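>>> Build me a model:
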Amino acid sequence: MTEPATVLHATSLEVGRADLRQSRVVTEEIDVAAVTAAGKAVLAIDHFALTANNITYAAFGDQMSYWDFFPAGQGFGRVPVWGFADVVASGADGLAAGERVYGYFPMSTHLVVEPGRLSPRRFVDVSPHRAKLPAVYNSYDRVAHDPAYTRSGESIQMILKPLVVTSFLIADFLEDNGFFGARQVLVSSASSKTSLGLAFCHRRLAARDVPVLGLTSPVNGAFVESVGYFDRVVTYDAIESLDAAVPTVYVDMAGSADLLTRVHRHFGDNIRYSCRVGGTHWEGLARRMELPGARPTFFFAPDQIAKRAADWGPGGLDQRFAGVWAELAASVDDWLTVEDHHGPEAIKAAYHDMLEGRISPSAGLIMSLKA
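Below is the predicted model of the structure:
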C-alpha cells in the first residue's frame, strides 16, 4: 500500500449558520504524522448522500447541536451527512489503513477521528468535542465485518438507511404508545424520503388498524400516490376537507409554522399527539406557539433507541430493523433514481438546489468532493 502523504489538503463545504444560503468552499491542511502520533486516524471520505434530512440538520443546527459534530470557522457550519470513507492513516491500535467505514461525516474530503471502543463491527469517535453528543452519531461501522454490506448497495444505504432508521423509530414510538388514542396518523412533507419510510414502516409495525395519511403539495401528489406506501394522499390545499372529528397523530416533517397552525386549528383537541421531526420547509420553521390540541414535541431518535435497548436487549433493535430495511430496500427501484455529483462546485450547486426545494423527490443524490 502506498504510504500516506505527510500533509493532506482537506476540502470542505461550509454554510452560514445564520443564513443557510451562504456557502463557501474551504481548504485546510492535515498533518498526518501529528495525527497518527496522537493515536488518531484520518478518514478519506469517498462519497455521501444529500437529502432533505441534511437541510433539517442545518435548520436545527444550533437548537439540536448538529453544528457541534464538525466545528467550522466563525459563523459557519459543516452540515452532517451519511457516507462511506477509507482509513488512509491510523495511529489507533486495532484500526488499519485501508479499512472502509460507514457513518456520519461533514461535507468534506477528509475527517480526523479519535477511534475508541473498537469492536469487530464498529468504533466510536471519542474526540472530546463529541463526548456529550448523541452516541448514535459517533459510531462508525467497519464494513468488512458487516454481513449485509455490499459495495453495490452503498448508494441506497447512504440515501435511505439513516432516514429509514428514523422512520422506523417514529413508527415504533407511536405503536409503543398506542398512537396516543388516535385513529389515524397524518404525515406532512409526504414526498420526503423519511415520510415515505415512515409510511412503509408504519404499515408493517402497527398492530392496530390505524391508517397513515400523507400530506404533500399538489405538484408531488401523483408521485406520492405512485409509490404506494401511504393509505391515502392529501394535498395541502385539502387539509380542511379531512374529518376533524377523527383523533389524529400529526407527524410534522415540514416544520412550517403555517402548516402546523392549520392542522392544529382544523383538528383542535383531536390532535392527540403532535410529533415534530423535520424542517423541509426550513424558512417557515415553527417556533413555540400556543395551539389547540397536544403540544408539539420534538422526536429525538436516540431516546427511543435507548428505550428499546433496555426493552429488547443487545441487538434486539438491529434485528427488528434489519427485516423492515431489507424489504424496503428491495422496493425502491420502482421510484428512486440515483444521481452522482462530483467536485466542490457541483456539490455546492446541489446543496443550494436541495435548500430551495428544486430536487425531484424521486432523486437520490450521491456526492463526492473529489473532482
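
>>> On the three-state scheme, the closest residue to L328 other than its chain neighbours is what?
With sequence-adjacent residues excluded and distances taken as C-beta to C-beta, 6 or more residues apart in numbering, L328 is closest to F200, at 5.2 Å. Quick note: C-beta positions are derived from backbone N, CA and C, even for glycine. The three-state label given to F200 by DSSP: H, G, I helix; E, B strand; the rest coil is helix.

>>> So F200 versus F168, what's the distance?
Relative to F168, F200 is positioned 9 Å away (C-beta to C-beta, to the nearest Å).

>>> Report the set of residues contacting both of these two.
V324 (C-beta atoms under 8 Å, 6 or more residues apart in numbering).

>>> tell me the mean pLDDT over stretch 348-362?
Here stretch 348-362 scores 94 as its mean pLDDT.

>>> From the opening residue of that stretch to its closing one, how far?
Length of stretch 348-362, first residue to last, C-alpha to C-alpha, to the nearest Å: 20 Å.

>>> For it, buried residues please.
The neighbour-count check on stretch 348-362 (16 or more other C-beta atoms under 10 Å) flags K348, A350, Y351, D353, M354, L355, I359, P361 as buried.

>>> swap in stretch 63-75?
Neighbour-count burial for stretch 63-75, counted by 16+ other C-beta under 10 Å, picks out Y66, W67, F69, F70, A72.

>>> Same check on stretch 180-191?
Residues of stretch 180-191 classed as buried by neighbour count (16+ other C-beta under 10 Å): A182, R183, Q184, V185, L186, V187, S188, S189, A190, S191.

>>> Let's see it as PDB, backbone CA atoms only.
C-alpha atoms of stretch 180-191 as PDB (Å, rounded to 0.1, in the frame of the first residue of the first chain):
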ATOM      1  CA  PHE A 180     -51.900   8.200  22.000                       C
ATOM      2  CA  GLY A 181     -55.500   7.100  21.400                       C
ATOM      3  CA  ALA A 182     -55.600   8.400  17.800                       C
ATOM      4  CA  ARG A 183     -57.300   6.600  14.900                       C
ATOM      5  CA  GLN A 184     -55.100   8.000  12.100                       C
ATOM      6  CA  VAL A 185     -51.600   9.300  11.500                       C
ATOM      7  CA  LEU A 186     -51.100  12.400   9.400                       C
ATOM      8  CA  VAL A 187     -47.600  13.000   8.000                       C
ATOM      9  CA  SER A 188     -46.600  16.200   6.300                       C
ATOM     10  CA  SER A 189     -44.000  16.600   3.600                       C
ATOM     11  CA  ALA A 190     -45.100  13.100   2.400                       C
ATOM     12  CA  SER A 191     -42.800  13.100  -0.600                       C
END
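
>>> how distant is that stretch from the center of its chain?
19 Å (C-alpha atoms, centre = their mean, to the nearest Å).

>>> thinking again about what came up before, so which of the buried residues of stretch 63-75 is the closest to A222?
If you rank the buried residues of stretch 63-75 by distance to A222 using C-beta to C-beta, Y66 comes first, at 33.0 Å.

>>> State the helix or strand in which L259 lies.
Using DSSP states H and E, L259 sits in helix 257-267.

>>> and the helix or strand immediately after that helix in the chain, what other elements does it pack with?
Note on helix 257-267: by DSSP H and E, the next helix or strand toward the C-terminus is strand 271-276. For strand 271-276, the packing partners by 3 or more C-beta pairs under 8 Å, 6 or more residues apart in numbering; DSSP states H and E come out as helix 154-176, strand 248-252, helix 257-267, strand 297-298.

>>> right, so these: which one is the most enclosed?
Of all these, strand 248-252 has the most neighbours on average by mean count of other C-beta atoms under 10 Å, namely a mean of 27.

>>> one step back: would you point out the most distant pair within the buried residues of stretch 180-191?
Longest span within the buried residues of stretch 180-191, C-beta to C-beta: R183 and S191, 24.3 Å.

>>> residues in contact with the helix or strand hosting E327?
Using DSSP H and E, E327 sits in helix 316-329. Residues from elsewhere that reach helix 316-329, judged by C-beta under 8 Å, 6+ apart: 148, 153, 156, 160-161, 164-165, 168, 197, 200-201, 204-205, 305, 308-309, 312.

>>> and what of stretch 230-238?
Counting by C-beta under 8 Å, 6+ apart, 186-187, 190, 199, 203, 211-218, 221, 224-225, 241-242, 259 sit against stretch 230-238.

>>> Please tell me how far stretch 195-206 is from the chain's geometric centre.
16 Å.

>>> How about that stretch, which residues are buried there?
Neighbour-count burial for stretch 195-206, with 16+ other C-beta under 10 Å as criterion, is recorded at S195, L196, G197, L198, A199, F200, C201, H202, A206.

>>> So for those residues, which is the shakiest by pLDDT?
In terms of pLDDT, the lowest of the buried residues of stretch 195-206 is A206, showing 83.

>>> Contacts only, for it.
A206 is in contact with A171, L174, E175, F179, counting by C-beta under 8 Å, 6+ apart.

>>> From those, pick the one nearest F300.
Using C-beta to C-beta, the contacts of A206 come closest to F300 at L174, 14.4 Å.

>>> count of residues packed around the residue nearest to V7 when sequence neighbours are not counted?
Using C-beta to C-beta, 6+ apart and skipping residues adjacent in sequence, the residue nearest V7 is E29, 5.3 Å away. Residues lying near E29 (other C-beta atoms under 10 Å) number 9.
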